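1. Sequence and predicted model, in that order:
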Amino acid sequence: MNANIAVIGMGVMGSCLALNMANHKFKVSVYNYTPDLTDKFIKNHPHENITAYYDIPSLVQSVARPRKFFIMVTAGKAVDAVIDSLLPYLEADDIIMDGGNSFYKDTQRRYKYVTEKGFKYFGVGVSGGEEGALNGPALMPGGNKESYPPVQSVLEAIAAKADDGKPCCTYIGEDGAGHYVKMVHNGIEYADMQLIAEAYLLLKNVGGLTNEQISAVFNDWNKGELSSFLINITADILKEKDDINGGYLVDKILDSAGQKGTGRWTSIAALEQGVNTSIMTSACNARNISSFYAKRQQLADSGLKQPLPVQIDADFVEDVRRSLYAAKIAAYTQGFELYKSASQIHDWNLNLGEVASIFRAGCIIKAKFLNNITAAYQKNPQLDNLLEDDFFFSKIRENQLSLRKIIAKAVYAGVPIPAFSNAMAYIDGLCTKTVGANLIQAQRDYFGAHTYKRIDRDGIFHHQWQKHY
Ligand code: 6PG
């Protein structure tokens, strides 16, 4: 068989992607390091367009040139192992794609390694989980641009389609650009999820709403400007019953969040690049503090926390909605600032409007307002910060008083809402002429002669401070 592509790694995501390709009439060769997963896949999903292979040389020979390999194995050493197993059998211009959540610096290293040997390499961000992989994920391919056309037809065919029919897949940029874009997508995903969790906590612990009521609120919000996959699934989750011992399942789930690391990578990259992604970082930290479950139970009963009474008015639910919208805008603004900075540092020439447009369907952060982000960058491709766009500027003005009110209430009630608070601090920080950095510069100069600039003349200054310590 002259297969169009080979998928390596028959875990859940690899299997779903292979089926998605086969359903789009591509001839697919499949392979797994251990034969058991391949056998299970072939037995459970027999498909006329799929053929299994049990050794690398036959797998490689089965694919038409330039050969395309889509690796879907656990990020890390396994990816290097698969690449090394393929290399001896490849011919010039064959293409290796890695669809896992690989760290973008690993992808940069692998791109160089594979490209120097005369082959082509792509790091492909894949979002949408199992359902997306099978029926249409958002895809973020980054790698050798000249080899994009041969992979484009497969990737665009299997990708989700947005409302206007456009595939949620576009060439992102050289080397690690695709995985970088996916990494920040996950950082935004963390922020989005944390903001929704904080809205839930406010409605529940400050507003006193029941799960059913909060589910109805989220359903309602999903009809408007907050419409998104994550809001939608939250409405479902909140009304799901526990089939083990009654009540609501959400109340039976241990209040301790896991994380695989991509959100954390985003914050680390942001600190390295000198970009403020405080909302995403606060989401990581919220997961961290949640994991100290036993300690929290103990300190919650210790009397250390001294909350104050809070008045709930008729606008409370609407104020939470407005706060969520404003904070979500701030989180995406930070994510897109990070993209802009990375594009300059790595020379990726990222098209930010296109990046927003491929998030419109298929992926976890798909949301109505991504159209507005695309529109903002179409209007001004050089846009420095999303909040300077007319649409987002007016939305922040419309909703920020609610955000201030809600944060004040949460602080009074002792309900932790770090992502909401960081969103407000970010907006205020950006829109404030004096932020106290003059004093920091003075301190640095005082104890370390680090120098400072003046507001009234050019140059670098050092002062002989009167020291009295
Ligand atoms: C996606 C997701 C996915 C991610 C999970 C789990 O876009 O489909 O981002 O790639 O792995 O959401 O991530 P955490 O375990 O870190 O929450």
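-> Okay, I see it.
2. The ligand contacts on this structure?
-> With Cβ under 6 Å from any ligand atom as the criterion, the chain meets the ligand at residues 101, 127-129, 186, 189, 258-260, 262-263, 363-364. (C-beta placed from N, C-alpha, C; glycine too.)
3. Counting neighbours, which of those comes out on top?
-> For the residues of the chain next to the ligand, the largest number of neighbours (other Cβ atoms under 10 Å) sits with Cys363, at 29 neighbours.
4. shouldn't that residue be in contact with His185?
-> Yes - here Cys363 reaches His185: they are 6.5 Å apart, a contact under Cβ atoms under 8 Å.
5. on that earlier part again, need the residues of the chain next to the ligand in CSV with pLDDT and secondary structure, can you?
-> CSV is the format used below for these (pLDDT from 0 to 100; DSSP: H, G, I helix; E, B strand; the rest coil):
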residue, pLDDT, secondary structure
Asn101, 95, coil
Ser127, 96, strand
Gly128, 95, coil
Gly129, 94, helix
Asn186, 97, helix
Glu189, 97, helix
Gly258, 96, coil
Gln259, 95, coil
Lys260, 92, coil
Thr262, 91, helix
Gly263, 94, helix
Cys363, 95, coil
Ile364, 95, coil
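6. of all these, which comes closest to Asn399?
-> Glu189 (21.7 Å; Cβ to Cβ).
7. which ones are touching the residue of the chain found nearest the ligand?
-> The ligand sits closest to Ser127 of the chain, with a gap of 3.1 Å, by Cβ to the nearest ligand atom. The contact partners of Ser127, taken as Cβ atoms under 8 Å, 6 or more residues apart in numbering, are 137-138, 140, 182, 185, 359, 362-365.
8. Which of those ranks first by neighbour count?
-> Met140 (33 neighbours).
9. Not counting sequence-adjacent ones, nearest residue to it?
-> Nearest residue to Met140, sequence neighbours excluded (Cβ to Cβ, 6 or more residues apart in numbering): Gly125, at 3.2 Å.
10. residues touching the residue nearest to Asn232 when sequence neighbours are not counted, list them.
-> Of all residues not flanking Asn232 in the chain, Asn222 sits nearest, at 5.2 Å (Cβ to Cβ, 6+ apart). For Asn222, the contact set (Cβ under 8 Å, 6+ apart) comprises 228, 231-232, 235.
11. go with 7 Å
-> Going by Cβ atoms under 7 Å, 6 or more residues apart in numbering, Asn222 touches 231-232, 235.
12. Return the distance of Gln298 relative to Leu304.
-> Distance of Gln298 to Leu304, given as Cβ to Cβ, to the nearest Å: 10 Å.
13. Same check on Asp389?
-> Distance from Asp389 to Leu304, by Cβ to Cβ: 43 Å.
14. who has more neighbours, the two?
-> Asp389 (20 against 7).
15. Report pLDDT for that one.
-> Looking at Asp389, its pLDDT reads 98.
16. quick revisit: can I get the contacts of Ser127 in TSV including secondary structure?
-> Below are these laid out as TSV (DSSP: H, G, I helix; E, B strand; the rest coil):
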residue	secondary structure
Pro137	coil
Ala138	strand
Met140	strand
Lys182	helix
His185	helix
Phe359	coil
Gly362	coil
Cys363	coil
Ile364	coil
Ile365	coil
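17. can the residues you listed go into TSV with extra columns for distance to Cys169?
-> Listed next are these as TSV, based on distance: Cβ to Cβ, whole Å:
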residue	distance to Cys169
Pro137	9
Ala138	7
Met140	8
Lys182	12
His185	13
Phe359	11
Gly362	9
Cys363	11
Ile364	16
Ile365	16
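18. So which of those is the closest to Glu91?
-> Nearest to Glu91 among those, with distances taken as Cβ to Cβ, is Met140, at 27.2 Å.
19. And the contacts of stretch 286-302?
-> Outside stretch 286-302, the residues touching it (Cβ under 7 Å, 6+ apart) are 194, 254-257, 259, 418-419.
20. that's a strand at Val30, yeah?
-> Yes - assignment of Val30 by three-state DSSP places it within a strand.
21. Nice, that's everything, thank you.
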